[in-house]
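A.B. asks: Give me coordinates for this.
(one chain, ligands or ions: 2)
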Amino acid sequence: MAEKSPRGLADVVAASTSISDIDGREGRLWYRGYDIHDIAGRISFEECVHLLQRGTLPTQAELDGLTAELADGRRYGSVATTLLPYVVGNGTPMEALRTLVSSLAIDDPDAEDASIDADRRKATRLVAQLPVLVAAYEAQRSGREVPDADPELGIAGNFLLQITGERPAPRAAEIFDECLVLHADHTMNASTFTARVIAATLSDMHSAITGAMGALRGPLHGGANEAVMKTLTSIDGEEDAVDQFVRDELGAGRKIMGFGHRVYKTEDPRATHLRKMSEELADLTGNRRYYEFSRRMEQTVLDEKGLYPNVDFFAASVYHALGIPTDLFTPVFAISRMSGWTAHVIEQHEDNRLIRPDSDYTGPHDQQWVEISKR
Ligand SMILES: CC(=O)SCCNC(=O)CCNC(=O)[C@H](O)C(C)(C)COP(=O)(O)OP(=O)(O)OC[C@H]1O[C@@H](n2cnc3c(N)ncnc32)[C@H](O)[C@@H]1OP(=O)(O)O
Ligand SMILES: O=C([O-])CC(=O)C(=O)O
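C.D. replies: Ligands and ions are numbered 1, 2, ... in the order given. Just a heads-up that it's a prediction; the model follows:
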């Protein structure tokens with residue numbers, strides 16, 4: 001009989017990886033050995049993609065090569081193009097995008113190729129395609145065209161351009177670029193674990209990523225950023241109303257979205273950067289309301305419950321200030337995390353063993369079959 005496992009597999013080691021590492025007590029995060037505090041704001045998302053998927057920070061020549069591959073990989077095929085009008089307006093953006101990402105497999109030029117080299121090409125294309133799909137989704141539902149990508153802008157700047165229809169201010173593009181770096185990978189989080197379980201059956205890259213998107217959208221994981229914004233906008237009145245909201249929610253036994261973490265028992269190092277960006281954007285936009293609400297909520301939740309904000313908390317006020325619609329916050333998370341998910345699928349395929357844990361059976365073993373007419 002299997003031993004009882006910790007609920008939610010807490011502290012269980014599910015895979016070996018050299019992609020990222022966390023120290024939950026110290027509040028530290030590394031991508032391939034680089035401390036997040038050293039690289040956030042210093043590397044572009046494209047460099048981060050190279051680091052996660054290909055193992056090293058790129059030379060200029062390698063970065064130029066990857067940038068060209070990403071520009072080339074942006075185009076998606078006829079299946080996603082045909083599906084787009086059907087999925088817009090039916091369900092949430094994450095449901096639509098999960099379906100579109102799944103459909104990308106059909107048109108992928110490497111669809112029949114299960115090699116690691118093909119995995120790498122699919123990984124690059126998926127990173128390039130998702131931001132364009134999110135922009136196409138937004139354009140379709142707003143009844144406008146997606147502006148052409150500007151070759152002078154990276155993934156971050158082009159995304160803001162294509163979502164808002166306006167060329168972003170250089171600082172806005174830099175801030176969003178840093179957000180993408182901060183969300184790119186996080187060890188064995190639920191969506192990455194999902195991707196690795198699927199990959200470990202020797203299933204394909206697109207199946208693994210489709211599953212990961214399904215896991216990310218839940219409010220206990222990536223879906224929390226949207227829930228945080230809904231919380232902030234639902235609070236009427238001034239800052240005192242924030243304290244009342246927190247007390248009411250906790251008193252009713254409900255969780256405050258954007259707080260707590262399975263691994264971090266102190267400040268999430270990504271929140272440190274996002275808090276600063278939230279304040280900077282509050283000043284740049286001249287609207288400090290959601291930043292101030294967030295600071296007040298942070299203090300009250302710490303006082304009342306001893307919990308710290310996670311990555312999703314300040315991301316909400318940052319994305320809002322950048323003009324991103326609230327229901328696209330989790331798709332934005334997916335745009336970034338695509339780099340980590342795909343790196344993990346490659347790593348899993350490179351040294352694979354089926355992931356098949358045991359379960360702790362809690363039912364009886366002595367049931368007797370009875371004919372249907374006598375049950
Ligand atoms: C990118 C990401 O995925 S970051 C996480 C995003 N998710 C959220 O922000 C949702 C809110 N947070 C949570 O639900 C949790 O903190 C999780 C899911 C992130 C971590 O969950 P777990 O490690 O399983 O912790 P669990 O949910 O068991 O919580 C432990 C205790 O802290 C409490 N707690 C945890 N988070 C919160 C919260 N946000 N608000 C209030 N109480 C909380 C729980 O109620 C529980 O209390 P109890 O022991 O009195 O029952
Ligand atoms: O690690 C986790 O469990 C959740 C998280 O913060 C992430 O995926 O970025």
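A.B. asks: Now stretch 123-130: buried residues?
C.D. replies: For stretch 123-130, burial by neighbour count (16 or more other CB atoms under 10 Å) applies to Ala123, Thr124, Arg125, Leu126, Val127, Ala128, Gln129, Leu130. C-beta coordinates here come from the backbone N, C-alpha and C atoms, glycine included.
A.B. asks: what number of residues lie near the residue in the stretch 151-300 of the chain positioned nearest to ligand 1?
C.D. replies: Nearest residue of the stretch 151-300 of the chain to ligand 1, counting by CB to the nearest ligand atom: Gly260, 2.3 Å away. The number of residues packed around Gly260, counting by other CB atoms under 10 Å, is 20.
A.B. asks: Please identify which helix or strand holds the most centrally placed residue in the chain.
C.D. replies: For the chain, the residue sitting closest to the mean C-alpha position, by CA atoms, centre = their mean, is Phe333 at 3.2 Å. Here Phe333, judged by DSSP states H and E, is contained in helix 329-350.
A.B. asks: touching ligand 1 at all, that helix?
C.D. replies: No - judged by CB under 6 Å from any ligand atom, helix 329-350 stays clear of ligand 1, getting no closer than 7.2 Å.
A.B. asks: Pull that helix out as PDB, backbone CA atoms only.
C.D. replies: C-alpha atoms of helix 329-350 as PDB (Å, rounded to 0.1, in the frame of the first residue of the first chain):
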ATOM      1  CA  PHE A 329      -3.800  39.700 -17.900                       C
ATOM      2  CA  THR A 330      -3.600  35.900 -17.800                       C
ATOM      3  CA  PRO A 331      -2.900  35.500 -21.500                       C
ATOM      4  CA  VAL A 332      -0.100  38.000 -20.900                       C
ATOM      5  CA  PHE A 333       1.300  35.700 -18.200                       C
ATOM      6  CA  ALA A 334       1.100  32.900 -20.800                       C
ATOM      7  CA  ILE A 335       3.000  34.900 -23.400                       C
ATOM      8  CA  SER A 336       5.900  35.100 -20.900                       C
ATOM      9  CA  ARG A 337       5.600  31.600 -19.400                       C
ATOM     10  CA  MET A 338       5.700  30.100 -22.900                       C
ATOM     11  CA  SER A 339       9.400  30.500 -22.800                       C
ATOM     12  CA  GLY A 340       9.700  28.500 -19.600                       C
ATOM     13  CA  TRP A 341       7.100  25.800 -20.500                       C
ATOM     14  CA  THR A 342       8.800  25.100 -23.800                       C
ATOM     15  CA  ALA A 343      12.200  24.900 -22.200                       C
ATOM     16  CA  HIS A 344      10.800  22.400 -19.700                       C
ATOM     17  CA  VAL A 345       9.200  20.300 -22.500                       C
ATOM     18  CA  ILE A 346      12.600  20.200 -24.300                       C
ATOM     19  CA  GLU A 347      14.400  19.300 -21.100                       C
ATOM     20  CA  GLN A 348      11.800  16.500 -20.400                       C
ATOM     21  CA  HIS A 349      12.100  15.000 -23.900                       C
ATOM     22  CA  GLU A 350      15.900  15.100 -23.600                       C
END
